[in-house]
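A.B. asks: got a predicted model here, sequence first, then my questions.
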Amino acid sequence: MAQTILHKANTRGHADHGWLHSYQSFSFAGYYNPQRMNFGALRVLNDDTVDPGMGFGKHPHDNMEIISIPLEGDLEHKDSMNNVAVIKNGDIQAMSAGTGIFHSEYNFDRTSEVKFLQIWIYPNKRNVEPRYDQISLNLEDRHNKLQQVLSPNPDDAGVWIHQDAWLHLGKFDKGLNTEYTIKKEGNGVYAFVLSGEVIINGETLSSRDALGIWDTDKFTIEAGTDTEFLLIDVPMKF
C-alpha cells in the first residue's frame, strides 16, 4: 500500500522580512517543526518572493545540491566560481556545493517582484568539486505532459545533480490524466502544486498544497482544473 503525507499550503512556515516573503515546506531558519524536517533526501522547498532590487547577500553552502526554479521575474546569481547569471521563468539552475561555495541571489528587476522556488537535496557524494549548471527550457514541453528538468545523469534531459533524484514540471489542461512511475526503487515523490487543482492518487490538492507519496511504484495524476505542478522524485533513505 502506498504511504502518503499531506501538507496543506497554510501549514507551511512563513518568514516576513519586509523585502522577502518565504513560505517553507520544511524546517528552515526561524521555522522549526520536528515533524517537517525533510521528505527523504529533499531537505528544503522554499517558495520565495523578493522585492525589487533586494536579495540574499553572499553566503556559504557546502555538501548540498541546490536548485532554483524562477516562477516570475528575473533572479541574478553570482558565486565564488566566477559565475554571473540571470535566471528567469523557463530556466532552471543547479549547484553542487560540495567542498564549499559562496553565492548571492538578487532580484535583477528594480520595479517588479521575483518569485522562485529554492530546493535543497542531500547529495549522495560528499566533498565533490563545486559545480554550476543552468539551462533554458521549452515551456511547451510541459503542456499536457511531464517535462523532465533534473536527473542524476549529465546526458539526460535537464540539469543534473549528485543524487538519484528527478524533477518534472507539468502544465495540464482540465480533465487530463496520466500515470507517473517512480524512477527508482526506494524513492518517493513530493508533489507540489503551483496553480490550480490536481488529484494525486485520489487526493485533491490546491495551489501550494503538497503530497508526499512512497512505498509504491506508480500513482495517478488528474487535472481537476487547468493546473501546473512540480514532482520531486527522491530517495527516501540516503
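C.D. replies: Cool, got the structure. Numbers count the residues shown, from 1 in each chain.
A.B. asks: helices of this protein, start to end?
C.D. replies: Under the criterion DSSP state H, the chain carries no helices.
A.B. asks: centre-most residue in it?
C.D. replies: residue 119 (4.4 Å; C-alpha atoms, centre = their mean).
A.B. asks: beta partners of it?
C.D. replies: Per DSSP bridges, residues listed as beta-bridge partners of residue 119: residue 45, residue 67.
A.B. asks: next, work out how far apart it and residue 105 are.
C.D. replies: Taking C-beta to C-beta, to the nearest Å as the measure, residue 119 falls 13 Å from residue 105. In short, each C-beta sits where N, CA and C put it, glycine included.
A.B. asks: could you name every residue contacting both of the two?
C.D. replies: With contacts defined as C-beta atoms under 8 Å, 6 or more residues apart in numbering, the residues adjacent to both residue 119 and residue 105 are residue 68.
A.B. asks: on that earlier part again, hmm, residue 47 and the residue nearest to the centre of the chain touching each other?
C.D. replies: No - using C-beta atoms under 8 Å, residue 119 is not in contact with residue 47, being 10.2 Å away.
A.B. asks: circling back: give the contact list for the residue nearest to the centre of the chain.
C.D. replies: Contact criterion C-beta under 8 Å, 6+ apart gives 42, 44, 45, 46, 66, 67, 68, 69, 167, 232 as the residues in contact with residue 119.
A.B. asks: now render those as TSV, adding pLDDT.
C.D. replies: What follows is the contacts of residue 119, written out as TSV (pLDDT from 0 to 100):
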residue	pLDDT
42	98
44	98
45	98
46	98
66	98
67	98
68	98
69	97
167	98
232	99
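A.B. asks: and which of the residues you listed is nearest residue 221?
C.D. replies: Checking the contacts of residue 119 against residue 221 by C-beta to C-beta gives residue 232 as the nearest, at 13.9 Å.
A.B. asks: what's around the closest one, how many residues?
C.D. replies: The local packing of residue 232 (other C-beta atoms under 10 Å) involves 26 other residues.
A.B. asks: hmm, residue 187 and it touching each other?
C.D. replies: No - contact between residue 232 and residue 187 fails when scored by C-beta under 8 Å: they sit 9.9 Å apart.
A.B. asks: overlap in contacts, these two.
C.D. replies: The overlap between the contact sets of residue 232 and residue 187 (C-beta under 8 Å, 6+ apart) consists of residue 165.
A.B. asks: where does residue 12 land on pLDDT?
C.D. replies: Here the pLDDT value assigned to residue 12 is 98.
A.B. asks: thinking it is in contact with residue 21, fair?
C.D. replies: No - here residue 12 does not reach residue 21: they are 11.5 Å apart, not a contact under C-beta under 8 Å.
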